[in-house]
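# sequence unknown, structure follows:
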Ligand SMILES: O=C(O)c1ccccc1NCC(=O)[C@H](O)[C@H](O)COP(=O)(O)O
(Lines give C-alpha, C1' and ligand atoms only; values in the text may rest on other atoms or scores of the structure.)
Protein backbone atom coordinates (compact mmCIF):
# COMPACT_ATOMS: atom_id res chain seq x y z
CA UNK A 1 0.00 0.00 0.00
CA UNK A 2 1.34 3.45 -0.92
CA UNK A 3 1.56 5.66 2.19
CA UNK A 4 1.54 9.45 2.40
CA UNK A 5 5.25 9.28 3.24
CA UNK A 6 5.88 7.33 -0.01
CA UNK A 7 4.00 10.04 -1.93
CA UNK A 8 5.96 12.83 -0.25
CA UNK A 9 9.28 11.10 -0.94
CA UNK A 10 8.35 10.51 -4.60
CA UNK A 11 7.75 14.26 -4.96
CA UNK A 12 11.06 14.97 -3.19
CA UNK A 13 12.91 12.84 -5.74
CA UNK A 14 11.48 15.08 -8.49
CA UNK A 15 12.48 18.19 -6.51
CA UNK A 16 16.02 16.90 -5.96
CA UNK A 17 16.39 16.00 -9.65
CA UNK A 18 15.32 19.54 -10.52
CA UNK A 19 17.77 21.08 -8.01
CA UNK A 20 20.60 19.01 -9.43
CA UNK A 21 19.78 20.03 -13.01
CA UNK A 22 19.67 23.71 -12.13
CA UNK A 23 22.92 25.66 -12.11
CA UNK A 24 22.43 26.63 -8.45
CA UNK A 25 25.12 25.86 -5.89
CA UNK A 26 24.69 26.30 -2.18
CA UNK A 27 27.86 27.62 -0.62
CA UNK A 28 27.98 29.51 2.67
CA UNK A 29 30.49 30.34 5.40
CA UNK A 30 27.70 30.71 7.94
CA UNK A 31 28.31 29.00 11.28
CA UNK A 32 25.06 27.35 12.38
CA UNK A 33 23.60 28.12 15.82
CA UNK A 34 23.67 25.06 18.10
CA UNK A 35 20.32 23.75 19.29
CA UNK A 36 21.99 20.93 21.25
CA UNK A 37 23.94 23.40 23.40
CA UNK A 38 20.77 25.36 24.06
CA UNK A 39 18.84 22.28 25.23
CA UNK A 40 21.67 21.17 27.51
CA UNK A 41 21.78 24.64 29.13
CA UNK A 42 17.99 24.90 29.54
CA UNK A 43 16.33 24.53 32.95
CA UNK A 44 12.94 23.99 31.32
CA UNK A 45 11.82 21.56 28.70
CA UNK A 46 13.01 22.98 25.37
CA UNK A 47 10.40 23.98 22.80
CA UNK A 48 10.70 23.76 19.03
CA UNK A 49 7.78 25.88 17.85
CA UNK A 50 6.66 25.20 14.30
CA UNK A 51 5.46 27.36 11.44
CA UNK A 52 3.01 25.04 9.64
CA UNK A 53 0.45 26.39 7.15
CA UNK A 54 -1.10 23.06 6.17
CA UNK A 55 -0.52 19.33 6.49
CA UNK A 56 -1.61 16.06 4.90
CA UNK A 57 -3.50 15.06 8.06
CA UNK A 58 -5.29 18.36 8.73
CA UNK A 59 -5.43 20.12 5.37
CA UNK A 60 -5.22 23.91 5.66
CA UNK A 61 -4.31 24.99 9.20
CA UNK A 62 -3.39 28.68 8.99
CA UNK A 63 -2.81 29.88 5.43
CA UNK A 64 -2.75 33.54 6.40
CA UNK A 65 0.17 33.21 8.80
CA UNK A 66 3.10 35.58 8.47
CA UNK A 67 6.04 33.24 9.25
CA UNK A 68 8.23 36.10 10.54
CA UNK A 69 5.53 37.46 12.86
CA UNK A 70 4.72 34.00 14.16
CA UNK A 71 8.39 33.07 14.69
CA UNK A 72 9.05 36.38 16.42
CA UNK A 73 6.27 35.69 18.94
CA UNK A 74 7.73 32.21 19.47
CA UNK A 75 11.23 33.58 20.12
CA UNK A 76 10.07 36.44 22.35
CA UNK A 77 8.15 34.04 24.57
CA UNK A 78 10.85 31.49 25.21
CA UNK A 79 10.86 29.04 22.30
CA UNK A 80 14.30 27.44 21.93
CA UNK A 81 14.08 26.85 18.19
CA UNK A 82 11.68 27.47 15.33
CA UNK A 83 10.74 24.70 12.93
CA UNK A 84 9.91 26.03 9.47
CA UNK A 85 8.13 23.60 7.17
CA UNK A 86 9.53 24.25 3.71
CA UNK A 87 7.80 21.51 1.73
CA UNK A 88 5.38 23.11 -0.74
CA UNK A 89 3.19 20.37 -2.27
CA UNK A 90 1.97 18.88 1.03
CA UNK A 91 2.58 21.61 3.66
CA UNK A 92 2.41 24.87 1.63
CA UNK A 93 5.73 26.10 3.02
CA UNK A 94 8.68 27.53 1.08
CA UNK A 95 12.44 28.00 1.40
CA UNK A 96 11.69 31.75 1.34
CA UNK A 97 9.84 31.28 4.64
CA UNK A 98 13.02 29.88 6.17
CA UNK A 99 15.18 32.70 4.78
CA UNK A 100 12.76 35.36 6.02
CA UNK A 101 12.62 33.87 9.51
CA UNK A 102 16.43 33.63 9.61
CA UNK A 103 16.74 37.30 8.78
CA UNK A 104 14.55 38.23 11.76
CA UNK A 105 14.96 35.65 14.51
CA UNK A 106 18.13 34.62 16.34
CA UNK A 107 17.23 31.25 17.86
CA UNK A 108 18.16 28.05 15.93
CA UNK A 109 15.99 27.07 12.97
CA UNK A 110 14.95 23.57 12.01
CA UNK A 111 14.49 23.19 8.27
CA UNK A 112 11.51 20.85 8.47
CA UNK A 113 11.52 18.97 5.21
CA UNK A 114 11.93 15.46 3.84
CA UNK A 115 15.66 15.14 3.27
CA UNK A 116 16.86 12.46 0.88
CA UNK A 117 19.95 14.08 -0.65
CA UNK A 118 23.00 16.17 0.31
CA UNK A 119 21.92 19.01 -1.96
CA UNK A 120 18.89 19.67 0.29
CA UNK A 121 21.22 19.88 3.31
CA UNK A 122 23.48 22.37 1.52
CA UNK A 123 20.41 24.40 0.53
CA UNK A 124 19.09 24.30 4.09
CA UNK A 125 22.34 25.64 5.51
CA UNK A 126 22.62 28.36 2.87
CA UNK A 127 18.99 29.38 3.58
CA UNK A 128 19.44 29.75 7.34
CA UNK A 129 18.75 26.25 8.68
CA UNK A 130 20.66 25.15 11.78
CA UNK A 131 19.01 21.77 12.32
CA UNK A 132 18.28 19.09 9.73
CA UNK A 133 15.52 16.49 10.04
CA UNK A 134 16.30 12.91 9.02
CA UNK A 135 13.24 10.63 9.13
CA UNK A 136 14.21 7.00 9.77
CA UNK A 137 11.06 5.71 8.04
CA UNK A 138 12.09 7.50 4.82
CA UNK A 139 15.76 6.44 4.68
CA UNK A 140 17.73 3.20 4.70
CA UNK A 141 20.77 2.80 6.96
CA UNK A 142 23.28 3.77 4.29
CA UNK A 143 21.33 6.96 3.47
CA UNK A 144 20.87 7.86 7.13
CA UNK A 145 24.59 7.49 7.87
CA UNK A 146 25.67 9.39 4.78
CA UNK A 147 23.22 12.30 5.29
CA UNK A 148 23.90 12.42 9.04
CA UNK A 149 27.66 12.62 8.41
CA UNK A 150 27.22 15.29 5.72
CA UNK A 151 25.11 17.44 8.07
CA UNK A 152 27.57 17.11 10.93
CA UNK A 153 30.54 17.91 8.67
CA UNK A 154 28.73 21.16 7.87
CA UNK A 155 28.23 22.01 11.53
CA UNK A 156 24.49 21.33 11.55
CA UNK A 157 22.53 19.66 14.33
CA UNK A 158 20.48 16.67 13.24
CA UNK A 159 17.09 15.62 14.58
CA UNK A 160 16.73 11.91 13.77
CA UNK A 161 13.02 11.05 13.82
CA UNK A 162 11.70 7.65 14.87
CA UNK A 163 8.25 6.19 15.56
CA UNK A 164 8.91 2.64 16.78
CA UNK A 165 11.48 0.37 18.40
CA UNK A 166 13.18 -0.72 15.16
CA UNK A 167 13.71 2.89 14.10
CA UNK A 168 14.94 3.80 17.60
CA UNK A 169 17.57 1.03 17.38
CA UNK A 170 18.73 2.47 14.04
CA UNK A 171 18.95 6.01 15.44
CA UNK A 172 20.95 4.81 18.45
CA UNK A 173 23.29 2.82 16.19
CA UNK A 174 23.94 6.10 14.38
CA UNK A 175 24.95 7.59 17.76
CA UNK A 176 22.53 10.44 17.05
CA UNK A 177 22.63 12.95 19.91
CA UNK A 178 19.13 14.38 19.23
CA UNK A 179 16.36 11.86 18.59
CA UNK A 180 12.77 12.89 17.85
CA UNK A 181 9.97 10.51 18.76
CA UNK A 182 7.05 11.21 16.45
CA UNK A 183 3.76 10.51 18.21
CA UNK A 184 2.03 10.62 14.82
CA UNK A 185 1.66 7.38 12.90
CA UNK A 186 2.38 8.46 9.35
CA UNK A 187 0.11 5.71 7.96
CA UNK A 188 -3.05 6.33 10.01
CA UNK A 189 -2.20 9.95 11.11
CA UNK A 190 -3.31 9.00 14.62
CA UNK A 191 -1.32 10.81 17.32
CA UNK A 192 -0.73 9.17 20.68
CA UNK A 193 1.61 10.60 23.32
CA UNK A 194 1.96 7.06 24.69
CA UNK A 195 4.39 6.41 21.81
CA UNK A 196 6.94 8.66 23.54
CA UNK A 197 6.22 7.02 26.91
CA UNK A 198 6.57 3.52 25.48
CA UNK A 199 9.85 4.16 23.68
CA UNK A 200 11.44 6.15 26.51
CA UNK A 201 10.58 3.46 29.04
CA UNK A 202 12.72 1.06 27.03
CA UNK A 203 15.79 3.10 26.13
CA UNK A 204 18.29 4.82 28.41
CA UNK A 205 17.52 8.51 28.48
CA UNK A 206 21.20 9.35 28.86
CA UNK A 207 21.93 8.02 25.36
CA UNK A 208 20.60 11.12 23.58
CA UNK A 209 18.40 14.16 23.98
CA UNK A 210 14.85 13.06 23.19
CA UNK A 211 12.33 15.36 21.52
CA UNK A 212 8.64 14.39 21.65
CA UNK A 213 6.92 15.43 18.40
CA UNK A 214 3.28 15.91 17.30
CA UNK A 215 -0.11 15.93 18.96
CA UNK A 216 1.00 18.11 21.91
CA UNK A 217 -1.74 20.50 23.01
CA UNK A 218 -1.56 21.48 26.66
CA UNK A 219 0.70 22.18 29.62
CA UNK A 220 -0.49 18.83 31.05
CA UNK A 221 0.80 17.11 27.90
CA UNK A 222 4.16 18.86 28.35
CA UNK A 223 4.38 17.70 31.98
CA UNK A 224 3.44 14.15 30.98
CA UNK A 225 6.15 14.04 28.30
CA UNK A 226 8.75 15.59 30.59
CA UNK A 227 7.97 12.88 33.15
CA UNK A 228 8.44 10.27 30.41
CA UNK A 229 11.97 11.63 29.86
CA UNK A 230 11.60 14.03 26.93
CA UNK A 231 13.94 17.06 27.10
CA UNK A 232 12.24 18.92 24.26
CA UNK A 233 8.88 19.19 22.45
CA UNK A 234 8.05 19.91 18.82
CA UNK A 235 4.67 21.64 18.53
CA UNK A 236 2.97 22.82 15.33
CA UNK A 237 -0.80 22.82 14.98
CA UNK A 238 -1.56 23.88 18.57
CA UNK A 239 0.53 27.02 18.16
CA UNK A 240 -0.72 27.75 14.64
CA UNK A 241 -4.33 27.72 15.87
CA UNK A 242 -3.82 29.33 19.28
CA UNK A 243 -5.85 32.46 20.07
CA UNK A 244 -2.99 33.69 22.25
CA UNK A 245 0.21 32.33 20.72
CA UNK A 246 2.50 34.02 23.26
CA UNK A 247 0.68 32.57 26.28
CA UNK A 248 0.52 29.12 24.68
CA UNK A 249 4.27 29.10 24.06
CA UNK A 250 4.94 30.11 27.67
CA UNK A 251 2.56 27.47 29.03
CA UNK A 252 4.45 24.64 27.32
CA UNK A 253 7.86 25.58 28.78
CA UNK A 254 7.55 23.47 31.93
CA UNK A 255 10.37 23.27 34.52
CA UNK A 256 12.57 20.19 34.31
O1 LIG B 1 1.44 16.68 10.17
C2 LIG B 1 1.20 15.82 9.30
O3 LIG B 1 0.06 15.59 8.86
C4 LIG B 1 2.31 15.02 8.69
C5 LIG B 1 2.01 14.07 7.72
C6 LIG B 1 3.03 13.34 7.12
C7 LIG B 1 4.35 13.56 7.48
C8 LIG B 1 4.65 14.51 8.44
C9 LIG B 1 3.65 15.24 9.05
N10 LIG B 1 3.93 16.21 9.97
C11 LIG B 1 5.23 16.72 10.24
C12 LIG B 1 5.49 16.83 11.67
O13 LIG B 1 6.39 16.16 12.13
C14 LIG B 1 4.68 17.76 12.50
O15 LIG B 1 4.46 18.93 11.78
C16 LIG B 1 5.30 18.14 13.83
O17 LIG B 1 5.69 17.04 14.56
C18 LIG B 1 4.28 18.96 14.66
O19 LIG B 1 3.10 18.20 14.82
P20 LIG B 1 1.75 18.86 15.38
O21 LIG B 1 2.11 19.58 16.65
O22 LIG B 1 0.81 17.73 15.62
O23 LIG B 1 1.28 19.81 14.33
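Everything's here; your move. Keep in mind the model is a prediction, meaning the values are calculated, not measured. Numbers count the residues shown, from 1 in each chain.
# can you give me the helices for the chain?
Using DSSP state H, the helices of the chain run over 4-21, 35-41, 67-76, 95-104, 118-126, 141-153, 165-173, 194-202, 219-228, 237-241, 245-252.
# residues contacting residue 83?
Counting by CB atoms under 8 Å, 6 or more residues apart in numbering, residue 83 makes contact with 48-52, 109-110, 112, 234, 236. Heads up, the C-betas are built off the backbone N, CA and C, glycines and all.
# Which of those residues has the largest number of neighbours?
Comparing the contacts of residue 83 by number of neighbours (other CB atoms under 10 Å), residue 49 comes first, having 30 neighbours.
# Just grab the bridge partners of that one for me.
residue 82, residue 235 (DSSP bridges).
# when you give positions from now on, start the count at 427
From this message on, residue numbering opens at 427, which makes the last subject residue 475.
# could the contacts of residue 509 be laid out in a markdown table, adding distance to the ligand?
Output for those, formatted as a markdown table (distance: CB to the nearest ligand atom, whole Å):
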| residue | distance to the ligand |
| --- | --- |
| 474 | 9 |
| 475 | 10 |
| 476 | 5 |
| 477 | 10 |
| 478 | 5 |
| 535 | 15 |
| 536 | 10 |
| 538 | 7 |
| 660 | 5 |
| 662 | 3 |
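# would a markdown table of the residues you listed with pLDDT be doable?
Below are these laid out as a markdown table (pLDDT from 0 to 100):
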| residue | pLDDT |
| --- | --- |
| 474 | 98 |
| 475 | 99 |
| 476 | 99 |
| 477 | 98 |
| 478 | 98 |
| 535 | 98 |
| 536 | 98 |
| 538 | 98 |
| 660 | 98 |
| 662 | 98 |
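# and this structure, which of its residues are near the ligand?
430, 476, 478, 481-483, 608, 612, 615, 617, 639-642, 660-664 (CB under 6 Å from any ligand atom).
# thinking again about what came up before, looking at the contacts of residue 509, spot the one nearest residue 548.
Residue 548 has its nearest neighbour among the contacts of residue 509 in residue 535, at 15.5 Å by CB to CB.
# and residue 579, how far is that from residue 458?
As judged by CB to CB, to the nearest Å, residue 579 and residue 458 stand 12 Å apart.
# Look at those two and report which has more neighbours.
More crowded of residue 579 and residue 458, by other CB under 10 Å: residue 458, with 20 against 10.
# Local confidence estimate at residue 499?
Predicted confidence (pLDDT) for residue 499: 98.
# just residue 632 next, same as before
For residue 632, pLDDT reads 86.
# Count the neighbours of it for me.
Neighbours of residue 632 (other CB under 10 Å): 7.
# picking up where we left off before, what's the most buried one of the helices of the chain?
Neighbour counts (mean count of other CB atoms under 10 Å) averaged over each of the helices of the chain peak at helix 544-552, with a mean of 21.
# Show me the contact partners of that one.
Taking CB under 8 Å, 6+ apart as the rule, helix 544-552 contacts 438, 442, 445-446, 451-454, 456, 458, 521, 524, 537, 539, 541, 558, 572-573, 576-577, 580-582.
# distance between the ends of stretch 443-458?
Stretch 443-458 stretches 26 Å from its first residue to its last (CA to CA, to the nearest Å).
# And for stretch 633-647?
With CA to CA as the measure, stretch 633-647 spans 23 Å from end to end.
# list the buried ones in it?
634-643, 647 (16 or more other CB atoms under 10 Å).
# Check what contacts that stretch and list those residues.
With CB under 8 Å, 6+ apart, stretch 633-647 has contacts from 462, 465-466, 472, 474, 585, 587, 597-598, 602-610, 617-619, 622, 626, 648, 651, 654-662, 664, 677-678, 680.
# pLDDT weak spots in the stretch 527-676 of the chain?
Under the criterion pLDDT under 70, no range of the stretch 527-676 of the chain is flagged.
# Hmm, residue 429 is touching residue 611, no?
No - when contacts are counted by CB atoms under 8 Å, residue 429 is not listed as touching residue 611 (10.0 Å).
# Can you give me the distance of residue 630 to the ligand?
Separation of residue 630 from the ligand (CB to the nearest ligand atom, to the nearest Å) stands at 24 Å.
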